[in-house]
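Q: Sharing a model prediction with you, sequence too.
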Amino acid sequence: MKQYMDNYFNKIKEIIDSLDRSSIEKVAKLIESAYHDERHIFIVGNGGSAATASHMANDFSKGIKTGTDKHFKTMSLTDNMALFSAIGNDEGYEKVFVDQLKVFLKKGDLVIGISASGNSQNVINALEYAKSHDAKTVGIVGFDGGKMKDIVDECVHVKTEHGLYGHVEDMHMLINHLISGYFIERFKKKE
């Protein structure tokens, strides 16, 4: 266990050191712009990335508000399981996010797609739909970035060739906590 633990943590350190910090800053600016323009932020992902999308929506809605009284209009499109499964069953899994965006998305909103592979078709479809309807798009990806890295306005790419999905997903959660923590600090309530 100790050897595995050392290797795991060493790989995480290596990935952290290789992150393009300017891409994280650009994503934070898009999120802040959505906040100031009173736009919605929609977050999508599958599997572990769905859990990250839910966690991020929580941190951007409740987490930031708790420390600042600022309300970021954030929604994870992974969270309504009845709607998600109805769309998947009736329309196809590749449409579970697009069909929700058709109801909620407005020009200038922000759609954040999270995918370790960068190749989740339903996430790609959501991002392409968002772009075609004048919304901003962000990708948070891993490994080689997949198709997503080339279709979004801004991308945080956790580059790793031989890492585990866990490495990428750990970094995606770290990026979430980094950005939400930044806004808590930036907009902290004056005591």
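A: Structure received. Numbers count the residues shown, from 1 in each chain.
Q: Wait, Gly145 touches Val156, no?
A: No. Judged on Cβ atoms under 8 Å, Gly145 makes no contact with Val156 at a distance of 9.9 Å. C-beta: built from backbone N, CA, C; applies to glycine.
Q: list the residues that contact both of the two?
A: Gly139 (Cβ atoms under 8 Å, 6 or more residues apart in numbering).
Q: Looking at the two, which one has more neighbours?
A: In this view Gly145 and Val156 are compared by other Cβ atoms under 10 Å, and Val156 has more residues nearby, 29 against 20.
Q: in a helix, that's where the more buried one is, yeah?
A: No. Counting by DSSP: H, G, I helix; E, B strand; the rest coil, Val156 is not part of a helix but strand.
Q: Quickly list what it is bridged to.
A: Per DSSP bridges, the residues bridged to Val156 are Ile140.
Q: Relative to Val103, how far out is it?
A: Val156 is 27 Å from Val103, where distance means Cβ to Cβ, to the nearest Å.
Q: For Asn176, which residues are in contact?
A: Per Cβ under 8 Å, 6+ apart, neighbours of Asn176: 52, 55-56, 59.
Q: Spell out the residue ranges of the helices in this structure.
A: Here the chain has its helices, by DSSP state H, at 2-18, 21-36, 48-58, 64-68, 81-90, 98-104, 121-132, 165-186.
Q: List the buried residues of the lowest-mean-pLDDT helix or strand in the chain.
A: Lowest by mean pLDDT, DSSP states H and E among the helices and strands of the chain is helix 64-68, with a mean of 84. Across helix 64-68, burial judged by 16 or more other Cβ atoms under 10 Å covers 64, 68.
Q: got it, and stretch 180-191?
A: Under 16+ other Cβ under 10 Å, the buried positions of stretch 180-191 are 180, 182-184, 187.
Q: Just give me the least confident of those residues.
A: Minimum pLDDT across the buried residues of stretch 180-191 is recorded for Phe187, with 89.
Q: All set, thanks.
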